[in-house]
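Novice: Structure for this input, please:
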Amino acid sequence: MMNQKEVVRWLSRGENIVTEIETLENEKQAALDFATKMTKSNNDRVSSSRGRGNESALISVADYSGLIDKQIAKLCDLRNEISTVIYMVDESVLRQLLINRYICMLTWEMVAETMNYSYFHVHGRLAPKAYRAVSEILSTYEK
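Specialist: Sure, this is the predicted structure:
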């Protein structure tokens, strides 16, 4: 079974997923904007040799876009894996704590406020119970 530090590390893998996906989506959009700009400038000029160069560049942009899609899919799979384990926690209060902290990415103070508990109760009492529950799930889930 995992100790508390290992469970926290396992859950925290998804810490910046939303931000990273947004960054990747922005990068993908920039690449598509570039491709659109290339095709517009190509439509203004008719040149067979130039068209082949743009075609190669457009294929590269499409490949790059596909690479970004694969990375986004990996990140979504990771988030789904973390969420699946959290949703398997039986006790509602512990599950709510984990959702707020590791899916919604709230600070401990915000988790406590959302749940109408003190910071010390959430972080000092409930969190260790939640981590034990996750550890038990992971010990059977990963086998």
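Novice: CA atoms for contacts and neighbours, from now on please.
Specialist: Will do.
Novice: tell me what the lowest-mean-pLDDT helix or strand in the chain is packed against?
Specialist: Taking all helices and strands of the chain together, the one with the lowest average confidence (mean pLDDT, DSSP states H and E) is helix 17-44, at a mean of 84. When contacts are defined as 3 or more C-alpha pairs under 8 Å, 6 or more residues apart in numbering; DSSP states H and E, helix 17-44 sits against helix 48-87.
Novice: re earlier: buried ones in the least confident helix or strand of the chain, by neighbour count?
Specialist: In terms of neighbour count (16 or more other C-alpha atoms under 10 Å), helix 17-44 has its buried residues at Ile17, Val18, Ile21, Leu24, Glu25, Lys28, Ala31, Leu32, Ala35, Met38, Thr39, Asn42.
Novice: for stretch 84-96, same thing?
Specialist: Judged by neighbour count using 16+ other C-alpha under 10 Å, the buried positions of stretch 84-96 are Val85, Ile86, Tyr87, Val89, Leu94, Arg95, Gln96.
Novice: Now do the same for the residue lying closest to the third one once chain neighbours are set aside: its pLDDT.
Specialist: Nearest non-adjacent residue to Tyr87, counting by C-alpha to C-alpha, 6 or more residues apart in numbering: Arg95, 6.5 Å away. What the model reports as pLDDT for Arg95 is 98.
Novice: how much space between Arg95 and Met105?
Specialist: 14 Å (C-alpha to C-alpha, to the nearest Å).
Novice: same check, this time on Lys5
Specialist: From Lys5 across to Met105, the span is 18 Å (C-alpha to C-alpha).
Novice: ok, the two, which is more surrounded?
Specialist: For the pair Lys5 and Met105, the greater number of neighbours falls to Met105 (17 against 10), based on other C-alpha atoms under 10 Å.
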